[in-house]
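1. this one's structure only:
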């Protein structure tokens with residue numbers, strides 16, 4: 001059995017690329033053809049997706065359990081977290097069904113949290129394969145920056161209260 005304590009959370013959605021990824025200790029990718037999340041066995045490279053079976057979540061959304069069969073080997077997983085963003089990712093994986101339908105929208109959304117602290121946000125608007133505008137918030141050395149690419153590149157330090 002693999003036991004994982006999740007600390008960081010990633011939400012990534014690109015409808016045109018049919019890509020919806022949730023990372024909370026392990027990387028889940030939504031398979032639009034199968035209409036279900038699958039576990040990515042190669043989270044840092046080209047995806048190797050495998051079906052998730054016997055998915056269970058506790059009532060507080062602090063722990064998920066599931067089984068996979070990878071390379072003819074059964075593996076049981078337990079992933080736990082007390083961070084709200086991880087718990088929300090667990091809840092999405094548990095409740096998401098066939099309601100997501102890919103479309104030709106080229107917009108993207110990318111959120112990354114480290115222990116419930118937003119450290120990266122990227123939103124882009126694209127039309128006819130041309131970037132109209134994008135907005136990126138990043139955290140570097142305990143400082144937050146706003147980055148814009150249009151009409152021209154700018155990186156501005158933000159003051160957050």
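-> Received it, and whenever you're ready, just let me know what you need. If you're wondering where the values come from, they're calculated on a predicted model, not measured in any experiment.
2. so residue 87 sits in a helix?
-> Yes - when DSSP: H, G, I helix; E, B strand; the rest coil is applied, residue 87 is found to be in a helix.
3. can you count the residues close to residue 152?
-> As a burial measure, residue 152 scores 6 neighbours (other C-beta atoms under 10 Å). Glycine gets a C-beta too; all of them are placed from N, C-alpha and C.
4. that one in helix, strand or coil?
-> Going by three-state DSSP: residue 152 is coil.
5. try the one 4 residues further on
-> Three-state assignment for residue 156 (three-state DSSP): strand.
6. for it, give the beta-bridge partners.
-> Beta-bridge partners for residue 156, by DSSP bridges, are residue 146.
7. would you confirm that residue 47 contacts residue 30?
-> No - using C-beta atoms under 8 Å, residue 47 is not in contact with residue 30; the gap is 11.4 Å.
8. which one's more surrounded, the two?
-> residue 30 (21 against 14).
9. and the gap between that one and residue 16?
-> Counting by C-beta to C-beta, to the nearest Å, the separation of residue 30 from residue 16 is 14 Å.
10. which residues of this protein fall in strands?
-> All strands of the chain, identified by DSSP state E, fall at 2-5, 8-14, 19-24, 27-31, 36-40, 49-51, 53-57, 63-70, 73-80, 108-114, 117-127, 130-140, 143-148, 154-158.
11. got the buried residues for the last one?
-> The neighbour-count criterion (16 or more other C-beta atoms under 10 Å) identifies no buried residues in strand 154-158.
12. and that strand, how far from the chain's centre?
-> Relative to its parent chain, strand 154-158 has a centroid offset of 25 Å by C-alpha atoms, centre = their mean, to the nearest Å.
13. now do the same contact list for residue 1.
-> 75-78 (C-beta atoms under 8 Å, 6 or more residues apart in numbering).
14. partner residues bridging the residue nearest to residue 132 when sequence neighbours are not counted?
-> Counting by C-beta to C-beta, 6 or more residues apart in numbering, residue 132 lies nearest to residue 125, which is 4.5 Å off, once chain neighbours are set aside. Note on residue 125: beta-bridge partners by DSSP bridges are residue 133.
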